[in-house]
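Asker: next comes the sequence, and after it the predicted model I'd like to discuss.
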Amino acid sequence: EPEVTQTPSHQVTQMGQEVILRCVPISNHLYFYWYRQILGQKVEFLVSFYNNEISEKSEIFDDQFSVERPDGSNFTLKIRSTKLEDSAMYFCASSSQSGETEAFFGQGTRLTVV
Amino acid sequence: QKEVEQDPGPLSVPEGAIVSLNCTYSNSAFQYFMWYRQYSRKGPELLMYTYSSGNKEDGRFTAQVDKSSKYISLFIRDSQPSDSATYLCAMSGRGSARQLTFGSGTQLTVLP
């Protein structure tokens, strides 16, 4: 069964460092998303991406964040200068263009900023 | 008022019980409704997807949407210990972005 794959599963970084979280969406999907979940809190939308550009972003997704689809299979989230409050699970998701909105999530990357 | 409200539980039931999980929402633009299951420190796993009002059944799971009341439900029949997880409702409106708004999740434990 096709699935969304995320790497690494756990990343520890020092405050102020840049991190890149990587995702391989389901191969025939065209919409890509990043969500995050701070421990004990709701899953929150960060950004959606379609046709090589950002479709929508939340107020969380400020200038410290960027997304990229560097090739035909990968989708990345970069945090330029990490803060302690960026510590969370980051989930990548993808969905098809079929008119349905089922989004399939990866297993997540746990980011710990120290 | 929060956009999506979900009773966080925890909810504990004996094996074989019927479980009812619910969410209410305030945004009348929501058209698509989903239920996800999430195990501890894992990604949300899509269980059910429903467009607009009505019922949808898949095995032991039934999803109901009542748009007039802005209320959605997930029923689990013959619950099993393996159903123990956090259940998240999620919804979105029309449009290509398809941003999902999640509830806070209900933690369910099915006791053997």
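Answerer: Ah, there it is. Numbering: from 1, shown residues only, chains lettered A, B, ... in the order given.

Asker: list the buried residues for the least confident helix or strand in chain B by mean pLDDT?
Answerer: Across the helices and strands of chain B, mean pLDDT, DSSP states H and E gives its lowest value to strand B:45-51, namely a mean of 89. Judged by neighbour count (16 or more other Cβ atoms under 10 Å in any protein chain shown), strand B:45-51 contains these buried residues: B:46-50. C-beta: built from backbone N, CA, C; applies to glycine.

Asker: now do that strand: which elements does it pack against?
Answerer: Judged by 3 or more Cβ pairs under 8 Å, 6 or more residues apart in numbering or on different chains; DSSP states H and E, the packing partners of strand B:45-51 are strand A:104-105, strand B:32-38, strand B:54-58, strand B:61-66, strand B:71-76.

Asker: I'd like those strands as a markdown table, with mean pLDDT and distance to A:T7 appended.
Answerer: Below are the helices and strands packed on strand B:45-51 laid out as a markdown table (pLDDT from 0 to 100; distance: least, Cβ to Cβ, whole Å):
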| stretch | mean pLDDT | distance to A:T7 |
| --- | --- | --- |
| strand A:104-105 | 91 | 15 |
| strand B:32-38 | 93 | 20 |
| strand B:54-58 | 92 | 31 |
| strand B:61-66 | 96 | 31 |
| strand B:71-76 | 96 | 31 |
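
Asker: can I get those in a markdown table with mean neighbour count and distance to A:Y33?
Answerer: Shown next, in a markdown table, are these (neighbours: other Cβ atoms under 10 Å in any protein chain shown; distance: least, Cβ to Cβ, whole Å):
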| stretch | mean neighbour count | distance to A:Y33 |
| --- | --- | --- |
| strand A:104-105 | 22 | 9 |
| strand B:32-38 | 23 | 13 |
| strand B:54-58 | 12 | 23 |
| strand B:61-66 | 18 | 22 |
| strand B:71-76 | 20 | 21 |
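
Asker: ok, now which ones touch the residue nearest the centre of chain A?
Answerer: The centre of chain A sits closest to A:W34, judged by Cα atoms, centre = their mean, with a distance of 3.1 Å. A:W34 makes contact with A:21, A:23, A:46-47, A:67, A:77, A:90-93, according to Cβ atoms under 8 Å, 6 or more residues apart in numbering or on different chains.

Asker: contacts with chain B among the residues you listed, please.
Answerer: A:F91 (Cβ under 8 Å from any Cβ of the partner chain).
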